[in-house]
Structure formats: C-alpha cells, structure tokens
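# Okay, sequence plus prediction incoming.
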Amino acid sequence: MKRRNFIKTGAVASGGILLGQLPLTNIYPRQGLNKRTPIVVSTWEPNLKSNAKAMETLLSGKTSLDAIEQGIRVTEANPDDTSVGYGGFPDEDGIVTLDASIMDWKGNAGSVAFLQDIMHPISVARLVMEKTNHVMLAGDGAKKFALANGFKEENLLTEKAKKAWNEWKQKNKKPDNHDTIGMLAIDSKNNISGGVSTSGMAFKLHGRVGDSPIIGAALFVDNEVGGAVSTGNGEYVMRSVGSFLIVEKMREGMSPQKACELAVERVYKSQQSLDNINVCYVAVSKSGEVGAYSLRKGFTYCVTTPDKNKSFESDFLMR
C-alpha cells in the first residue's frame, strides 16, 4: 500500500483495528534494511501530548529510547496530572513518592522506586541504566544518585494535590486517579524501547511501591518480539508479571491483542478480590501491530504514527 493511499483511506479505529496493526512494510515499501515508519503507543488519552513529543523526537532522527524519555517527561512535568510526577497525589503522609522504569532494545533496563523531590524519575531511571551496574535504585539512594548527576531538589506537592489529600484525610474521599503513563516506541531502525512513570496509588501507605519500577511487571520489551506496558492496580500486575507474560505469548505467536487478553484473564482467575480493581495493558509487536485490553471498562490508550495521533478505548473483560 502506498503511503498516500494509506493516509487517504485511514484505518478502522474500533474493535482493536488500529493504524499500528497494519504491517509497517505495507505502509512504507522497504528500500534497504530496516526501512520502517516509527510508532508510539501509550496508556490513557491525556497522554496524547506525550506521544506527540515522542513522535517529534523520533522524526528528528533520535532513538526510541530518546523518544520514551522525552515523551514521558511531558507528563511528569504536568501539574494537572495527578498520577505522575509533579502534581501527583501524595501518600497517606502527604509526601509525593515516584516510581519509574525504562528499557531499551538491547535488553538494558533501569528503574527508580520511592524517589522523592525529583521532577523527572524517567530520566533518573535512564541514568541508572546507563551509568551504573544496577537496574534499580530506591529511596534516599535514588535521590542521592539523582542529585549527584545534576538533578535539582524540587517540591512536587501542588496546591491541588495538597487540597485533595486534606479532603481525603477529612472525608476519606476516593480520588479520580488515572495512574501510570506507560509508553512504547519503535524508531526508524525498527528498534523498540519502553518506559513507565507514576506517583502511584493516591494516599497509599508510606513506603508502598507498585509495579511501575519492576521490569517484567509494568514494562518489558524484547527487540525480536515487541513490548508491553501496564497501568492500573500494580499489586495485581506484579503477582502475574503481566508485561513479561504478554511479550512471551507474542513470542509464541499470539497477536498483541490476544496476549493482552490472556494477561487480563490471568488476573481475573487469580482468586484475588477484584472489587474496585482495574488492570490494563497495551502491547505492540515489532511489525507495528497494537493490542490493548483491560479488566474493566474505561481504559483509554494512544497510538501515534507520523500521520495520526489518536486515542482509543479498549475492550474489557468484566461486563
């Protein structure tokens, strides 16, 4: 299919049929090795701006890893996003604590957990990956590492988040909290990277760490297969190592859609109480096929190519 015809005809934006599900070799005829169009996918409709930044980074010639970092930083710096970075709702003690992870096409990974007073945990996670022999740094150690590498200490508790925390203390009012940004990107060399960033569950126990910094739980990529990211209640993702499971099922021949469905079904069959619980996944194969699925209704995700930047609502299990 010629590129101009693809743009003209578009793609079906429902039932899991997306721009990214067409083999990329059908969009751009190959002219030499790895002639592919870039694609970015992420969790939650408000992250369209993050996707746009990631795509801008890819189109400038940067790698998928650069795109993940730059895209996620947009959400981390948004004071109106109450579940990621600056503006994230605090824990029960009124302290904003952040988790993030990043993984590249070579299998390298880095993460930070229980990080405080640092605006961009995704960038700290990348430095952990690139400048240390470790995968994860946590708490005071993660903050010390960030400060030693040029990051500034900043107050991340906005007035909006503080007000919500005070209301919760007085009324135990449940917040509307969309949770994690998870993002996957494939660059023009057909290399895939992924990242996740969150302030975690609103008003959580002080010290709680969710799935976001856990490689294999909230994030996993394999450059031979594809990648997956999660959002929702992290404890359930950790128990099932959901993102790794999805990538392995894709390796066995499942489509990203079917693999996401299986991972959600695994949570459903876990015998855990699922009251007020949601678990959601987005996955993309190396060919650009996209899948998404959630336990409950309401999960949205974003798909971005050089020509389109759109959000979709996923199918779900519990009706």
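On my side now, so go ahead. Numbering: from 1, shown residues only.
# Could you use CA atoms for every contact and neighbour count after this?
Fine.
# OK, contacts around the spatially most central residue of the chain?
Centroid-nearest residue in the chain: Gly182, 0.5 Å away (criterion: Cα atoms, centre = their mean). Neighbour list for Gly182: Ser42, Thr43, Gly194, Gly195, Val196, Ser197, Ala218, Leu219, Val229, Ser230, Thr231 [criterion: Cα atoms under 8 Å, 6 or more residues apart in numbering].
# wait, isn't Ala54 in contact with Gly71?
Yes - distance between Ala54 and Gly71: 4.4 Å, which falls inside the contact criterion (Cα atoms under 8 Å).
# okay, these two: which has more neighbours?
Using other Cα atoms under 10 Å as the criterion, Ala54 and Gly71 rank with Ala54 on top: 33 against 29.
# Per-residue pLDDT of that one, please?
According to the prediction, Ala54 has pLDDT 98.
# can you confirm it is in a helix?
Yes - the assignment for Ala54 by DSSP: H, G, I helix; E, B strand; the rest coil puts it in a helix.
# where does it sit relative to Asp179, distance-wise?
Going from Ala54 to Asp179 by Cα to Cα, to the nearest Å gives 20 Å.
# any idea where the strands of the stretch 51-200 of the chain begin and end?
With DSSP state E, counting those that start in this stretch as the definition, the stretch 51-200 of the chain shows strands at residue ranges 98-103, 109-115, 136-138, 181-186, 192-198.
# Tell me the secondary structure of the closest residue to Val247 other than its chain neighbours, please.
Excluding the flanking residues, the one nearest Val247 by Cα to Cα, 6 or more residues apart in numbering is Gly227, at 5.9 Å. Under three-state DSSP, Gly227 falls in the strand class.
# got the contact list for Gly227?
Taking Cα under 8 Å, 6+ apart as the test, what Gly227 contacts is 184, 192-194, 219-221, 243, 246-247, 283-285.
# ok, 10 Å please
103, 105, 183-186, 192-194, 219-221, 243-244, 246-248, 250, 256, 282-286, 290 (Cα atoms under 10 Å, 6 or more residues apart in numbering).
# now do Thr300
Residues near Thr300 by Cα under 10 Å, 6+ apart: 42-47, 178, 280, 282, 292-294, 311-315.
# and if you look at Ala67?
40, 50-61, 73, 183-187, 193-195.
# Please identify which pair of the contacts of Gly182 lies farthest apart.
Pairwise distances across the contacts of Gly182 peak at 13.5 Å for Gly194 and Thr231 (criterion: Cα to Cα).
# Looking at these two, which one has more neighbours?
Gly194 (31 against 28).
# Can you get me a residue count around Lys162?
18.
# Can we start the residue count at 25 from this point?
In the new numbering, first residue 25, that becomes Lys186.
# I figured it was touching Gly118, is that so?
Yes - counting by Cα atoms under 10 Å, Gly118 is a contact partner of Lys186 at 7.3 Å.
# which residue ranges form the helices in this protein?
Counting by DSSP state H, the chain has these helices, from start to end: 27-33, 48-51, 72-83, 88-100, 145-155, 163-172, 183-195, 258-264, 266-275, 280-292.
# Which strands and helices lie in contact with the third one?
Helix 72-83 is packed against strand 63-67, helix 88-100, strand 205-210, strand 324-328, strand 333-337, with contacts defined by 3 or more Cα pairs under 10 Å, 6 or more residues apart in numbering; DSSP states H and E.
# Next, format the ones you listed as a markdown table and append mean pLDDT and distance to Asn190.
A markdown table is the format used below for those (pLDDT from 0 to 100; distance: least, Cα to Cα, whole Å):
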| stretch | mean pLDDT | distance to Asn190 |
| --- | --- | --- |
| strand 63-67 | 98 | 28 |
| helix 88-100 | 98 | 23 |
| strand 205-210 | 98 | 25 |
| strand 324-328 | 98 | 29 |
| strand 333-337 | 98 | 32 |
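# would JSON lines of these with distance to Tyr292 be doable?
Shown next, in JSON lines, are the helices and strands packed on helix 72-83 (distance: least, Cα to Cα, whole Å):
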{"stretch": "strand 63-67", "distance to Tyr292": "20"}
{"stretch": "helix 88-100", "distance to Tyr292": "29"}
{"stretch": "strand 205-210", "distance to Tyr292": "21"}
{"stretch": "strand 324-328", "distance to Tyr292": "20"}
{"stretch": "strand 333-337", "distance to Tyr292": "20"}
